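1. coordinates for the following, if possible.
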Amino acid sequence: MDLDADIVRKQGYSRHNIVAGNSYEQNLSTYVNAGTRLSSNIDFYLTAGINKRDGVASGFSRNPNAISQEPVLASGERFYYNGFLPQIAPRIVDWNLLTGFSIRAGGWKVDFSNMAGRNSVRYEVQNSGNASLSASDQVQTRFYAGELSFLQNTVNLDISRRYDYHTGASLNVAFGGELRHEAFQISSGEANSYINGNRIATVDSIPPYPGTTRWTSFGTVAAASGSQVFPGFKDVDAVKATRNIYAAYGDLEFSLGKLLIDGAGRFEDYAEQGFSYHNLSGKLSTRYELSSRFSLRASVSNGFRAPSLHQRYFQNTSTQFVGGQPQNSLTANNQNSIVRNAFGIRELKPETAVSYSLGFVGKISTGLTVTVDAYFISIRDRIVLSTAFNRSNPLVDTILKANHVDPSTSSLQFWTNAINTETRGIDAVITEKFRLGKGNATLLLAANFNKNSVVGRLHTNSVIDDPKYNPSLNNKAANPSNDLAATLFDRQQKGRIETGQPQNKINLTASYNLSRWDFLVRAVRFGKVQFLNNIDPGLINPSNGAFFNDIGTGTDQVFSAKVTTDIVVSYKAGAGVILSIGGNNLFDVYPDRVFVDPRNSLSAVHDNPIAGANKAPGGYNSARDASNRGRLLFGANQFGFNGRFLFTRIVLDIGRLEGKSTVER
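-> Numbers count the residues shown, from 1 in each chain. So this is what the prediction gives:
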């Protein structure tokens, strides 16, 4: 420890070499809303906007002994002698343009519009390096890693009319059509951002850190390919995919006194090169007034969600840290021959859903209202990202080698229709409005209780499910980690849907308006969540309740419910000017920390890393927990780990400043 501390002091090295939380960003946006009356029956409207966002997001730090990730000088010395913190510096550009005409003719309302928008993300990587490139005194530290873009253009025609009858009944008719064009594109990065230069990183050839000759035991390893933190999009990843969607819809709403019935239907046809599908969906809803104060409402509907172009065609290699160690993981698109032929994954198909709801609306008194709604949603063929198939499995290694996947790529994952899910829930809202002194007060209590369940997994009829090619199926209990069928959607993935999100959330809000002043206080209770690891709980060693084979199988962890409090005070300084001051999570509440194995202390770093590590009380091993050497103390949780956020805000309404009313469409 004394030697380490002395080296740290002399080198000016900081052990706080990781950045967790929000990344840096700088936004510049411009929006325009405009409209004019062309005639007594025709209005023209326009909305346009453009936004540019530059950001910098840090990855995981590369330590000085990360030999396979270090670019080197011609002398063989590490370029980043103290290690480095690589960063992704994206530039995001969004623009949108909506133009349309609103027409009134003989009781009919006609709306014709065109909406176009595009989003692009250009990836730059900085403070990085490609360790596989030849040793050089001209080390490249910044890379262009490629670009993603998505364009959507929608032409819409909507026609409606309301008929009122002398009996008090009414009928509202609406119908229309839509044409949508979508284009998704991946542009490859510069070659040095992704190539494997085939350099062999030999520890003995690199001057060791002072006092750390033990690092020479790492021997010779293949240097990692691509720019560290984000290997660029390769030429084989580049794609330009388009499709057209045609839709027609209709809606009838009939009101007869206390009874309201609404029926709607929509037909959609998706057409893209070599692939097409269509769907007819509908909804029937009703509302019945039991009295002037109480009503019942119900609905039933079916729907679908087509796989996005991103899910069908996105492909890249990313750096992921597993057990504290970096691994390059390939996310292959649905058209990739590895996905289709080796794993037998079929063409992505739409998700289909059926939902039911039943609710109650009541006005208990002049200012007190209550709504309660119960719902059930069933989704079939749900599209999810598979668990990573690790190269440590001999079958996966054989598949990746046969398809000439870069040797530094250690795992593979892809999108697939893997599961069916069901969601049950209840939403309840109680609102009380009343006079308090010279102002008006509102109390709102909103609560949601829900349960998500994975009710079925789909099969692929491929090597994953065939014992002939996947021998572990013949004896899953012996080595479940090698069971590819389980890997397709493993226990941890299932947990993200069933237990990784709060099953209840309660919101209590109080607001008070007095002349020019507005006050708001809100408390939100987030229910508990649970993290499930990939290991079958039956394999956890019952002797200590926490480990099986001592390393890498920490128990599941429950993160307890928490309450955050927000407050905002606003003052109307004049027409069109509002000043606000407030705080989110005012009492600086944090979620529970992830479990950190007590054996992974700094003193354990110096224990023998080889002999008896699995049995010794020390024996530092980052795979024992999910904290990445005790540096990431908060995992996925209910409400983030940024703590208290204080702000001031000025809102200027130009239209009101000029004495004009502002109309938003």
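
2. for Leu602, give me the pLDDT.
-> As summarised for this prediction, Leu602 has a pLDDT of 60.

3. which SS class is Tyr288?
-> Under the three-state scheme (DSSP: H, G, I helix; E, B strand; the rest coil), Tyr288 adopts strand.

4. which parts of the stretch 1-150 of the chain are helices?
-> 2-11 (DSSP state H, counting those that start in this stretch).

5. which residue ranges of the stretch 551-665 of the chain form strands?
-> Under the criterion DSSP state E, counting those that start in this stretch, strands of the stretch 551-665 of the chain are mapped to 557-559, 562-574, 577-584, 645-652.

6. quick one: the last one to chain centroid distance?
-> Spelled out, it's strand 645-652. Centroid displacement of strand 645-652 relative to its chain, using CA atoms, centre = their mean, to the nearest Å, is 27 Å.

7. packing partners for that strand?
-> Where contact means 3 or more CB pairs under 8 Å, 6 or more residues apart in numbering; DSSP states H and E, strand 645-652 is packed against strand 577-584. Quick note: C-beta positions are derived from backbone N, CA and C, even for glycine.

8. likewise the third one?
-> Counting contacts by 3+ CB pairs under 8 Å, 6+ apart, strand 577-584 is packed against strand 562-574, strand 645-652.

9. how about low-confidence regions in this structure?
-> Counting by pLDDT under 70, the chain has low-confidence residues at 1-4, 201-221, 321-326, 457-487, 534-555, 599-624, 629, 654-665.

10. what about the helices in the stretch 201-350 of the chain?
-> For the stretch 201-350 of the chain, the helices identified by DSSP H, counting those that start in this stretch occupy 309-313, 337, in order along the chain.

11. point me to the residue sitting farthest from the middle of this structure.
-> The C-alpha centroid of the chain is most remote from His166, which lies 52.5 Å away (CA atoms, centre = their mean).

12. helix/strand/coil for that residue?
-> Look at His166: counting by three-state DSSP, its state is coil.

13. can you pull the phi/psi pair for it?
-> phi -70, psi -20 (degrees, to the nearest 10).

14. circling back to that earlier point, how about the helices of the stretch 201-350 of the chain in JSON lines, adding distance to Thr99 and mean neighbour count?
-> Output for the helices of the stretch 201-350 of the chain, formatted as JSON lines (distance: least, CB to CB, whole Å; neighbours: other CB atoms under 10 Å):
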{"stretch": "helix 309-313", "distance to Thr99": "25", "mean neighbour count": "18"}
{"stretch": "helix 337", "distance to Thr99": "44", "mean neighbour count": "10"}
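
15. what's the closest of those helices to Phe645?
-> For those, distance to Phe645 was read as CB to CB. The smallest value, 30.9 Å, belongs to helix 309-313.

16. ranges for the strands of the stretch 101-250 of the chain?
-> With DSSP E, counting those that start in this stretch applied, the stretch 101-250 of the chain shows strands at 108-126, 143-164, 170-188, 200-202, 220-222, 239-256, listed in chain order.

17. so which of those strands is nearest Ile364?
-> strand 239-256 (24.5 Å).

18. ok, the closest one: who's next to it in the sheet?
-> Paired neighbours of strand 239-256 in the sheet (DSSP bridges): strand 170-188 (antiparallel), strand 259-272 (antiparallel).

19. buried residues, it. List them.
-> Taking 16 or more other CB atoms under 10 Å as the neighbour-count basis, strand 239-256 is seen to contain the buried residues 239, 241, 243, 245, 247, 249, 251, 253-255.
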